[in-house]
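Asker: Structure for this input, please:
(2 chains)
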Amino acid sequence: MCEGGARKEEAQTRLVTVKSKILGKNDEIAECNRNWLKERGVLAMNLISSPGSGKTMLLERTLEALDGKLKCAVIAGDQRTDNDAKRLEGKGAAVVQIETVSSCHLDASQVHDMLPEVVTEGTKLLFIENVGNLVCPSSFDLGESFKVALLSTTEGEDKPAKYPSLFSRASVVLLTKMDLVEHLDWDLDACLASLRSIRPDASVFQVSARTGQGMESWLDFLLEQSA
Amino acid sequence: MHELSIAQSLVEELDAITIREGALRVNSFRLDIGAISGVEQHALEMALPFAAEGSNAEGATFDINIVVTRVKCKGCGNSWEPETFIGRCRSCDSNDIAIVAGREMVLVSVELET
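Answerer: Numbers count the residues shown, from 1 in each chain, chains lettered A, B, ... in the order given. Now for the predicted structure:
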């Protein structure tokens, strides 16, 4: 008690103005990744969506279609298992899996450690398949060229308005599982209105990786962006 | 629950500041958190004491200031604070809208015990 009191009397306080970004270290590493990729002419996309919206299936079909045309690489993030990496192997692209264990997102340093292994000479496109989660991954810059949000028709129309932290940052949005629309009470106009209310200038692609519907526009976009 | 990662980054920064300033410990600190930063205030409030255990910021108190979202039309310069929806410019109907506030995750100031 006395000791504590004496310490209290002697203690002085000082206010320091900092104004530093809390994720400043992540942002620095992300910027380093971005420069590294830019020097090598690699277009990098950070794919973010709910679990089960079809990221891996979209990548399977995308890699198959681009095999021999454009050298691709994939970093797949999940809490556990290398199931996604296994699904994506043998399609002409270098694939690595990051198991985040308890974490709900990828961060820039995890991507940084994988880049030299997965992005080899001549690589044009890097797909970073983030952990399935609509919220957390949007806060962490990985050094990508842009963010791609996937929204499957089974998730309903109003996710963009409900999850603005992701949809306001994603310049490209893929509406996936479009082949299921006929079985659902899903309204395209309502979905687009929700998206436009958050990100009016987003490029939108309506696709079904299962039937191939709309995949051509998506692939053309990738070829054009990587040129 | 990425608030724990954010809290850990913050504690690392607080530790570094304490050492750099030659201080004993962190008494308190202030944060600016944007309304659409993706950070949940209550989750961050829960995570910070855990992340701070054993650090120079253990037991420190903190204030979180929520920064409201503000957007600006790149076409006509009109600026407003959208509640939920950002949408097109209410003045010139442009869709080229910049978010100027609301994404902050900033350590504003620290009170150190020296």
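
Asker: what are the ranges of the helices in chain B?
Answerer: Ranges of helices in chain B, per DSSP state H, are B:3-20, B:41-52.

Asker: for chain A, same thing?
Answerer: Under DSSP H, chain A gives helices at A:2-10, A:24-39, A:55-66, A:83-88, A:108-118, A:159-162, A:164-167, A:188-198, A:215-226.

Asker: buried set for the fourth one?
Answerer: Looking back up the chat, that one is helix A:83-88. Neighbour-count burial for helix A:83-88, with 16 or more other Cβ atoms under 10 Å in any protein chain shown as criterion, is recorded at A:D84, A:A85, A:L88. (C-beta placed from N, C-alpha, C; glycine too.)

Asker: And for the fifth one?
Answerer: When neighbours are counted by 16+ other Cβ under 10 Å, the buried residues of helix A:108-118 are found to be A:A108, A:S109, A:Q110, A:V111, A:H112, A:M114, A:L115, A:V118.

Asker: can you tell me the average pLDDT over stretch B:50-66?
Answerer: Model confidence over stretch B:50-66, given as mean pLDDT, is 97.

Asker: For it, buried residues please.
Answerer: The neighbour-count check on stretch B:50-66 (16+ other Cβ under 10 Å) flags B:A51, B:A52, B:S55, B:N56, B:A57, B:A60, B:F62 as buried.

Asker: Am I right that the second one is in contact with B:F62?
Answerer: Read it as B:A52. No - using Cβ atoms under 8 Å, B:A52 is not in contact with B:F62, being 9.3 Å away.

Asker: who's in contact with A:A149?
Answerer: A:I48, A:S49, A:L166, A:F167, A:A170, A:V172, A:V173, A:L174 (Cβ atoms under 8 Å, 6 or more residues apart in numbering or on different chains).

Asker: any idea which of the residues you listed has the most stuff around it?
Answerer: In terms of neighbours by other Cβ atoms under 10 Å in any protein chain shown, the contacts of A:A149 top out with A:I48 at 31 neighbours.

Asker: Looks like that residue contacts A:L166 (just checking).
Answerer: Yes - under the criterion of Cβ under 8 Å, A:I48 makes contact with A:L166 at 5.8 Å.

Asker: what residues are shared contacts of those two?
Answerer: Common contacts of A:I48 and A:L166 (Cβ under 8 Å, 6+ apart): A:L134, A:P137, A:S138, A:K147, A:A149.

Asker: Phi and psi next, for the residue lying farthest from the centre of chain B.
Answerer: Distance to the chain centre peaks in chain B at B:C92, reaching 31.4 Å (criterion: Cα atoms, centre = their mean). Note on B:C92: its backbone torsions stand at phi -120, psi 0 [degrees, to the nearest 10].

Asker: A:S102: neighbour count?
Answerer: Neighbours of A:S102 under the rule other Cβ under 10 Å: 9.

Asker: now the nearest residue to it once chain neighbours are set aside: how far from chain B?
Answerer: Spatially, and ignoring its direct neighbours in sequence, A:S102 is nearest to A:Q79 (7.0 Å; Cβ to Cβ, 6 or more residues apart in numbering or on different chains). To chain B, A:Q79 is 12 Å away according to Cβ to the nearest Cβ, to the nearest Å.
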